[in-house]
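>>> Need a 3D model of the following:
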Amino acid sequence: MPTAQDQVRPIRRVYVRPPRGADLAHWREYGWHAEPDPERAAEEHRALRAELERAGAEVVVGEAPVDGDPDAIYVYDPVLPTDRGVILLRPGKASRRREPEAVARDLEDAGVRVLGALEEPACAEGGDLFWLDERTLAVGRGYRTNDAGVAALRDLLPEVEVLAFDLPHLHGPDECLHLLSLLSPLDVDLAVGFPPLIPVRLMEELQRRGIALVEVPEEEFPTMGPNVLALAPRVALALEGNPETRRRMEAAGVQVRTFRGEEICAKGDGGPTCLTRPLLRG
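Numbers count the residues shown, from 1 in each chain. The predicted model follows:
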């Protein structure tokens, strides 16, 4: 049966937001590494949407404006879809706190109800959340998701076990380090990730569940090697430019599709997972 509480079943419906030139002009304010080219950014996003459609997904394209916010294209972060509706999150990055309401408007137009919303002081970003199974949500506790955010998710999802894992400090609060910066599920028994930074208790949980790990080499961690979107079990959409990670995934039986993301990914630190918010899988 189709569900929103899954990371690896065939993707059926997905939400995206195309980049807008006027928003990309504010790249410095949002900590992007370099100025994105609006035309190339639009081309890359069209190619991404084509890959999603090729995978059989209905692509819901968001249009509610978030003026001056280039990060709004990273739609995984503002909301958490569940089988009872979406939860509007409260980003730890203060400049992104207008995004959840805009996403909610788009999703309500698409027939998706809102279950609830996080309120101050709770903070949580979608990049710190993924489903280990339909009744278990993994949460990364770091600089973007706080203890109050974890508690709020537990209150809103009483039927779900919420497991929290401390994230590493690494380069500190000014860098976006999400739980899904470190690993991505590929199947019920397989994930891709960078073991040196994955929390110990999460590594133990993966081992307990029999989930093997395709290891990302150190040189491909900065280029988002672990940021991979499962289109279906062992069918993955990855960013071009991580050849060894791709080779290792293919050796594990994963069919890997890639797209170029020089403008919308590398310059803003957001990979295929960040750019998409699956609404339904099954």
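
>>> any idea what sits nearest residue 178, other than its immediate chain neighbours?
residue 127 (3.1 Å; C-beta to C-beta, 6 or more residues apart in numbering). Yep, even glycine has a C-beta here, placed from its N, CA and C like the rest.

>>> next SSE after the host helix or strand of residue 238?
For residue 238, the element it lies in under DSSP states H and E is strand 235-239. Remark: after strand 235-239, the chain's next helix or strand is helix 243-251, criterion DSSP H and E.

>>> In the chain, which helix is the longest?
helix 38-54 (DSSP state H).

>>> tell me which residues in the helix or strand just after that helix are buried?
Per DSSP H and E, the first helix or strand lying C-terminal to helix 38-54 is strand 58-61. Neighbour-count burial for strand 58-61 flags 59-60 (criterion: 16 or more other C-beta atoms under 10 Å).

>>> Can you name every helix or strand that strand 58-61 contacts?
strand 11-16, helix 38-54 (3 or more C-beta pairs under 8 Å, 6 or more residues apart in numbering; DSSP states H and E).

>>> run the last query once more with 10 Å
For strand 58-61, the elements it packs on are strand 11-16, helix 38-54, helix 99-109, strand 277-281, judged by 3 or more C-beta pairs under 10 Å, 6 or more residues apart in numbering; DSSP states H and E.

>>> Turn these into TSV, including distance to residue 192.
Formatted as TSV, the helices and strands packed on strand 58-61 follow (distance: least, C-beta to C-beta, whole Å):
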stretch	distance to residue 192
strand 11-16	17
helix 38-54	18
helix 99-109	27
strand 277-281	17
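
>>> Pull the residues that contact the longest helix of the chain.
11, 13-14, 16-25, 36-37, 57-59, 61, 70, 73, 229, 231, 237, 257-265, 267-268, 272, 275-276, 278 (C-beta atoms under 10 Å, 6 or more residues apart in numbering).

>>> same question for that helix, mean pLDDT?
On average, the pLDDT along helix 38-54 is 98.

>>> how far is that helix from where the chain is centred?
17 Å (C-alpha atoms, centre = their mean, to the nearest Å).

>>> now do stretch 235-248
Counting by C-alpha atoms, centre = their mean, stretch 235-248 comes out at 17 Å from the chain centroid.

>>> ditto for stretch 180-195
Chain-centre distance of stretch 180-195: 12 Å, with C-alpha atoms, centre = their mean.

>>> Next: stretch 232-247.
15 Å.

>>> Same check on stretch 29-37?
19 Å.

>>> ok, now stretch 116-130?
Its chain's C-alpha centre and that of stretch 116-130 lie 13 Å apart, by C-alpha atoms, centre = their mean.

>>> Next: stretch 192-199.
Relative to its chain's centre, stretch 192-199 lies at 16 Å (C-alpha atoms, centre = their mean).

>>> and it, how far apart are its ends?
One end of stretch 192-199 sits 14 Å from the other (C-alpha to C-alpha, to the nearest Å).

>>> What residues of that stretch count as buried?
192-194, 197-199.

>>> go on, stretch 255-264?
Within stretch 255-264, judged by 16+ other C-beta under 10 Å, the buried ones are 256, 258-264.

>>> can you count the residues close to the closest residue to residue 274 other than its chain neighbours?
Nearest residue to residue 274, sequence neighbours excluded (C-beta to C-beta, 6+ apart): residue 74, at 4.2 Å. Residues lying near residue 74 (other C-beta atoms under 10 Å) number 27.
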